[in-house]
Every structure is written in structure tokens, then in C-alpha cells.
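S.K.: 3D model of this:
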Amino acid sequence: MAYTAIRLEDVEGVRVIRLARPERKNALDLIMREELREALEVSSSHQEVRALVLTGEGSDFSVGGDLSTMENLTAAGGRKRVQRVGGLVGLMRQMAQPILASVDGVATGAGLGLALACDLIVASDRARFGVGQVRVGLVPDLGLTRHLPLRVGWTKAMEMMLQGHLIEASKALEWGLINRVVPHSKLLEETLSWASQLARGPSVAISMVKECMDRFPMSLEQTLRWEANLQAIAFLTEDFAEAREAFFQKRKPRFRGR
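M.R.: I've put the predicted structure just below:
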């Protein structure tokens, strides 16, 4: 498929997906939404894609939904729109591969929702994060009312959602919203380095970690049962056999994702 609103690049097992509407600060419109869905679905089924990086072209990650496409929405049309774009978040959380957000500039509203749907977030020192929907009379969507409090806690999430202000990368790191802050000039380099490290790892076990974490919060009983079920599968993988052999041979394991 030829894309117009996103761009793809493969780098040694890592697929980089770039939101490519820099003239609109990578605001999400219908075309970008559907192209992103297509790219994620295709990537999820490619064994050679072992990790993904989601980033934006230009000065910003994404300012969220494109308000110019929201005129004259009916209640039914609005619900369908949000459910459709929300499906991107579900797809990202279901993917076996780890997904890293590489955030420069502003990530707000639906843009922040996309970033939080990733497993890890690397930000430049000039990145800013916010939940802007309330400032235009809308409600946070794309899973923000779940993912934001899980990362920063109920109190800080409520503050961000009600006030709609932007916070700097340093504060986002302090609050636990993101994982790392790096110099702007090294953002993609550092993100790709981390993604490549994960791409070389035991992909079956990594996908199981994602699956366990997405079931949080569960009761302790449920958690222990689910961990046991997944570990029973992991014990049978070639990756575990290779890691065990490498441990006793005092060498680095060579994971094959099986």
C-alpha cells in the first residue's frame, strides 16, 4: 500500500512508523488513522519486524485530532469516529512486538493517547505532553482515562485532564509518564538503539510480558494463575533453551523468536 500520511522504514528488525503531516503538526485525520491501522496490522504479522518505533515528522509528535475534520458531527458519527480511532490503541496493545514512542515537540490529546499506547516512551528534552480535549469542550479518548492514571496516578492524571496544560519532558519523567529523556539531536538514535536491543531479545517472552502487563490490575490470584500459564509456554520455547545453554557456556544467547 502506498501511504500519504505516514512513512515506513525498516532498520535491522525495527520498523519505524512516522506520522507524516508536519504541516498540520501531525494532527490525526481519517487518512492518517486508516493508514496507521493498515501499517500496524501488516507489521504485526511480519516475523522479521521484531520491534516498532512510532514517531512524527517535523517539530512535533502529534497535536491530536484534526479539528478541521470534526464539523457537523452527529452523536452517532462522533461515536463511530472515536470507536474507530480507539481501535488503534487496542491493536497496538494486542501486538506481540514491543512498540516505542519517540516523542519530539508536542504530544497532546489523541497524540498523547497514541504515545501512551506504546510500551515505552523516549522523549527529547524539548518534548511537552498534555491532554488537550477539555480545552475544546471534549473528553479524553484513545484510552487516556485508563493509561494516564496507570502511569502517573489518579491525582496527577486528573490535573492533566481537567486543566489541559502541557508539562515539560523533565516533569513527565519525574511523574513516570515517560521512560527516558535524551537530547533532541540524539532522539531517534537513542530510540532506535533501545528498539534494536529489544528486537534482538527473546520475542516470545517479550510478547508474554506485554500480555501480563495489559491485564493489570488483576487480583493476586488471577495474576499468579496467568503468569503460570504463560511461563508453561515459555519453558518450551527455543529461546529459553538457547538462553539456558548460553548461560552455562558463559556466552551471550542468540535469540530467534521461537
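
S.K.: right, and Asp60 touches Asp104 too?
M.R.: Yes: applying Cβ atoms under 8 Å, one finds Asp60 in contact with Asp104, separated by 6.9 Å. C-beta here means a position set from N, CA and C on the backbone, and glycine is covered the same way.

S.K.: Outline the domain layout of this protein.
M.R.: 6-199, 203-249 (automatic domain parsing).

S.K.: Throw those domains into JSON lines and include mean pLDDT and mean neighbour count, thanks.
M.R.: Listed next are the domains of the chain as JSON lines, based on pLDDT from 0 to 100; neighbours: other Cβ atoms under 10 Å:
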{"stretch": "domain 6-199", "mean pLDDT": "93", "mean neighbour count": "19"}
{"stretch": "domain 203-249", "mean pLDDT": "83", "mean neighbour count": "13"}
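
S.K.: so can I have TSV of these showing distance to Arg256?
M.R.: Listed next are these as TSV, based on distance: least, Cβ to Cβ, whole Å:
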stretch	distance to Arg256
domain 6-199	10
domain 203-249	6
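
S.K.: For Arg258, find the nearest of these.
M.R.: domain 203-249 (4.3 Å; Cβ to Cβ).

S.K.: now the strands for the chain?
M.R.: 6-11, 14-19, 51-56, 99-103, 106-108, 120-124, 128-130, 167-168, 180-182 (DSSP state E).

S.K.: Including distance to Val89, could these go into a markdown table?
M.R.: Shown next, in a markdown table, are the strands of the chain (distance: least, Cβ to Cβ, whole Å):
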| stretch | distance to Val89 |
| --- | --- |
| strand 6-11 | 16 |
| strand 14-19 | 15 |
| strand 51-56 | 12 |
| strand 99-103 | 11 |
| strand 106-108 | 14 |
| strand 120-124 | 14 |
| strand 128-130 | 17 |
| strand 167-168 | 21 |
| strand 180-182 | 22 |
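
S.K.: So for Thr237, which of those strands sits nearest?
M.R.: strand 51-56 (17.9 Å).

S.K.: for the residue nearest to the spatial centre of the chain, what are its contacts?
M.R.: With distances taken as Cα atoms, centre = their mean, Cys118 lies nearest the centre of the chain, 1.4 Å away. Contacts for Cys118 (Cβ atoms under 8 Å, 6 or more residues apart in numbering) come out as 54, 92, 99-101.

S.K.: same check, this time on Gly132
M.R.: By Cβ under 8 Å, 6+ apart, the contact set of Gly132 is 63-64, 108-109, 164.

S.K.: out of these, who's nearest Arg215?
M.R.: Nearest member of those to Arg215, counting by Cβ to Cβ, is Gly109, at 26.8 Å.

S.K.: Pretty sure the closest one sits against Leu67.
M.R.: No: using Cβ under 8 Å, Gly109 is not in contact with Leu67, being 9.9 Å away.
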